[in-house]
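>>> here's a sequence, model it:
(chains A and B)
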2 protein chains.
Amino acid sequence: MARVRMSDVAAAAGVSTATVSMVLSGAGTDRISPQTQARVRAAAEAIGYAPNSVARSLRTQRTRMIGLISDTIATTPFAGRMLAGANDAAREHGYLVVLVNTDDDEAQEQQAIRALTGQRVDAMVYARMWHRVVKVPAGLPADTVFLDCRPAQGGWPAVVPDDRQGGVAATRELVAAGHRRIAYVDAPEQDDVVASRLRHQGYLQVLAEAGIAPDPALHVRGRTDAWGGRAATAELLDLPAERRPTAVFCFNDRMAMGAYTAAHHRGLSIPGDLSIVGYDDQQLIAAELDPPLTTVALPHYEMGRWAMEVALGLRESDRDSPLLMDCPMIRRDSVGPPPIPAGN
Amino acid sequence: MARVRMSDVAAAAGVSTATVSMVLSGAGTDRISPQTQARVRAAAEAIGYAPNSVARSLRTQRTRMIGLISDTIATTPFAGRMLAGANDAAREHGYLVVLVNTDDDEAQEQQAIRALTGQRVDAMVYARMWHRVVKVPAGLPADTVFLDCRPAQGGWPAVVPDDRQGGVAATRELVAAGHRRIAYVDAPEQDDVVASRLRHQGYLQVLAEAGIAPDPALHVRGRTDAWGGRAATAELLDLPAERRPTAVFCFNDRMAMGAYTAAHHRGLSIPGDLSIVGYDDQQLIAAELDPPLTTVALPHYEMGRWAMEVALGLRESDRDSPLLMDCPMIRRDSVGPPPIPAGN
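Sure thing, here's the model as predicted:
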């Protein structure tokens, strides 16, 4: 690639290359007039001069780049708002985020860590697509911030969604609307998917507070997509009338999308016959379902911002326990009162 | 950040630092036994040695990193498969993709270009989230490959989806099923969204081939989401019975999702009463609708691979006109014969 050189900037500004070097490195500028400095910067900008940061960073040890290592966030449609939050926070402070996607592959991850530390990024963020417990990869710099994952050992700044509180919020929304027979359409049992268990704890807590005895038949599981949600909801709707739920809390919005289909296939209207709450506030789905879905938002953008602000040293963090970020309730049109007095 | 040094590798492998340097740089290795070379590499791997690429790249001028500049691909749920294709191709050849997201902001873009050229990436890919014509940004290296966008001037390798062919495929699918009254639910008119116009041309071409006079009432437009698709389809279903379409080709899958809702609200079944074809094969939507949506796929993954292979010098490209990548038909369950003989 043909590169613009410092001598080109010098020629354009009518100064020596030594002057260009001093102005652009910020060293010895007290001997150069502000007018000349401005002229050099304008010339560099105009002809697209990229300072040789490879050589320069040997001197200054600062690159103003933040490395962000992620598993599959950038290549899947689930959690891109985390990257948006991290990017926005970095940009506001003049930093550039360089992102490497590792496909959740350990060898790739090691290559990424070596490349980014080799490039001397000023800080690092380690992000996962969903809330899970992770082994800390070898070679991560000591100040790395964990985003949407919780390192198995303490000592690292980390942020994850407060999935228990989210389960509480979803279930309370349904109790407040008058429901007593509330089902939880859960993800498959998997040890490292923390969210499923935590949301279930939140659900049980609210039932207990409301004096509702949990019915094991109302805790069903399915694949975490529309097909899984549809099948699991169909199971619930097959229960005898007196045990059937009047409201369903779904592990995620894709499963809720399937719950809509299961309801439609039996001629049930939402929320007239069945109230539904999702989780994620998934772009493309939640707001565009008919009726628009009431759901609990994953605070992806806010978590991304927080992680970047900690990485930039703008924010304190407790290294002994991850920050639990609030999951706000997004009220749309899929929750209403139960179709008949729930009795009890 | 505490760094592992070359002397640590030398100690671990029981060789001199000069030997480590030769092995890891690949220079002068003919004088070192394969066994010793393997031992040095294993030691470097085991203790997590990151070669100081800042210093090293001054000597070798190779970083084995490819810069990928994108507008909002990584932060939105639409085109992440492009990044997956580019990542996979790079990884297979031992390269690492470093991605910078610019939010479609010119100043951000300039900062990204300067940073990546300053870091001496070996090649660069410039990607957009959707098919559009772009002004070539200042400072892009001469060999930059354009991904999902077409530079306003020639002279650059580029790949875009063949949207005209996709419009042809979608409309042929409906003609082949026996439809004659086929609507096109289009995006709003916008100069830089090339896809809308090209797909419309494909649609008109097939109607002409089939001897069907285009009815302007069957070309409607709406916002490119479920709400827009629903409103535009409702317009079509309000037409008098003899002018009403029996099939709808939608600009994208989100609009098709809205077309489903419009049909359900009138008690029309899909495909019994109305056949629907989408575009994008959008993850989270197309395969999960009820019934699953027949659609035209955007070849995001394949375009990402192609662009990376050109950037790596593994593939030739015609710099005078962009490669038009085929958009394959994905047959699911939303197309059937028209409800009554279409007459004509």
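>>> please count neighbours and contacts with C-alpha atoms only from this point.
Fine.
>>> can you find the helix or strand in chain A with the smallest mean pLDDT?
Least confident helix or strand of chain A, by mean pLDDT, DSSP states H and E, is helix A:53-60 with a mean of 43.
>>> what lies in contact with the helix or strand following that one?
Using DSSP states H and E, the helix or strand that follows helix A:53-60 in sequence is strand A:65-70. Contact partners of strand A:65-70, identified using C-alpha atoms under 8 Å, 6 or more residues apart in numbering or on different chains, comprise A:90, A:95-104, A:109, A:112-113, A:116, A:121-129.
>>> filter those down to the buried ones.
A:90, A:95-103, A:109, A:112-113, A:116, A:121-129 (16 or more other C-alpha atoms under 10 Å in any protein chain shown).
>>> looking at those residues, which are in strands?
Among the buried ones among the contacts of strand A:65-70, the members falling in strands (DSSP state E) are A:96-101, A:123-129.
>>> the nearest residue to A:M325 once chain neighbours are set aside: how many residues sit nearby?
In this structure, A:M325 finds its nearest non-sequential neighbour in A:P161, 4.7 Å apart by C-alpha to C-alpha, 6 or more residues apart in numbering or on different chains. Using other C-alpha atoms under 10 Å in any protein chain shown, A:P161 has 25 neighbouring residues.
>>> thought A:V335 was touching A:S269?
No - between A:V335 and A:S269 there is no contact under C-alpha atoms under 8 Å: 11.1 Å.
>>> the more surrounded of these two?
A:V335 (26 against 15).
>>> just the mean pLDDT for the biggest helix by length in chain A, thanks.
Identified as the longest helix of chain A according to DSSP state H is helix A:194-209. Averaged over helix A:194-209, pLDDT sits at 97.
>>> would you mind putting the CA coordinates of it into PDB?
The C-alpha coordinates for helix A:194-209 follow below in PDB (Å, rounded to 0.1, in the frame of the first residue of the first chain):
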ATOM      1  CA  VAL A 194     -26.700 -19.100  34.600                       C
ATOM      2  CA  ALA A 195     -29.700 -17.100  33.500                       C
ATOM      3  CA  SER A 196     -32.200 -20.000  33.400                       C
ATOM      4  CA  ARG A 197     -31.600 -20.900  37.100                       C
ATOM      5  CA  LEU A 198     -31.600 -17.300  38.300                       C
ATOM      6  CA  ARG A 199     -34.800 -16.300  36.500                       C
ATOM      7  CA  HIS A 200     -36.400 -19.400  37.900                       C
ATOM      8  CA  GLN A 201     -35.300 -18.400  41.400                       C
ATOM      9  CA  GLY A 202     -36.900 -15.000  40.800                       C
ATOM     10  CA  TYR A 203     -40.100 -16.600  39.600                       C
ATOM     11  CA  LEU A 204     -40.300 -18.800  42.700                       C
ATOM     12  CA  GLN A 205     -39.600 -15.900  45.000                       C
ATOM     13  CA  VAL A 206     -42.600 -13.900  43.700                       C
ATOM     14  CA  LEU A 207     -44.900 -16.900  43.900                       C
ATOM     15  CA  ALA A 208     -43.900 -17.400  47.500                       C
ATOM     16  CA  GLU A 209     -44.400 -13.700  48.300                       C
END
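>>> who does it touch, helix- and strand-wise?
Counting contacts by 3 or more C-alpha pairs under 8 Å, 6 or more residues apart in numbering or on different chains; DSSP states H and E, helix A:194-209 is packed against strand A:123-134, helix A:163-176, strand A:182-186.
>>> which SSE is immediately downstream of that helix?
Assigned by DSSP H and E, the successor of helix A:194-209 is strand A:219-221.
>>> so the helix or strand just after that following strand, near chain B or not?
Later in the chain than strand A:219-221, the nearest helix or strand by DSSP H and E is helix A:226-237. Yes - against chain B, helix A:226-237 shows contacts by C-alpha under 8 Å from any C-alpha of the partner chain at A:226-227.
>>> give me every residue that touches A:T294.
Per C-alpha under 8 Å, 6+ apart, neighbours of A:T294: A:276-278, A:286, A:329-335.
>>> now, which of these lie within strands?
Those of the contacts of A:T294 lying in strands (DSSP E): A:276-278, A:329-330.
>>> and the residues you listed as CSV, adding pLDDT, neighbour count and distance to B:L323?
What follows is these, written out as CSV (pLDDT from 0 to 100; neighbours: other C-alpha atoms under 10 Å in any protein chain shown; distance: C-alpha to C-alpha, whole Å):
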residue, pLDDT, neighbour count, distance to B:L323
A:I276, 98, 27, 46
A:V277, 98, 29, 45
A:G278, 98, 28, 42
A:M329, 98, 20, 46
A:I330, 98, 19, 44
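>>> nearest residue to the residue nearest to the spatial centre of chain A in space, please, no chain neighbours.
Nearest residue to the geometric centre of chain A (C-alpha atoms, centre = their mean): A:H300, 3.2 Å. Setting aside the residues directly before and after it, A:H300 is nearest to A:M82 in space (C-alpha to C-alpha, 6+ apart), at 4.6 Å.
>>> now do the helix or strand where that neighbour lies: everything it contacts.
Taking DSSP H and E as the criterion, A:M82 maps to helix A:80-92. With contact meaning C-alpha under 8 Å, 6+ apart, helix A:80-92 is reached by A:66, A:73-74, A:96-97, A:300-309, A:312, B:74-77, B:101.
>>> appreciated, that's everything.
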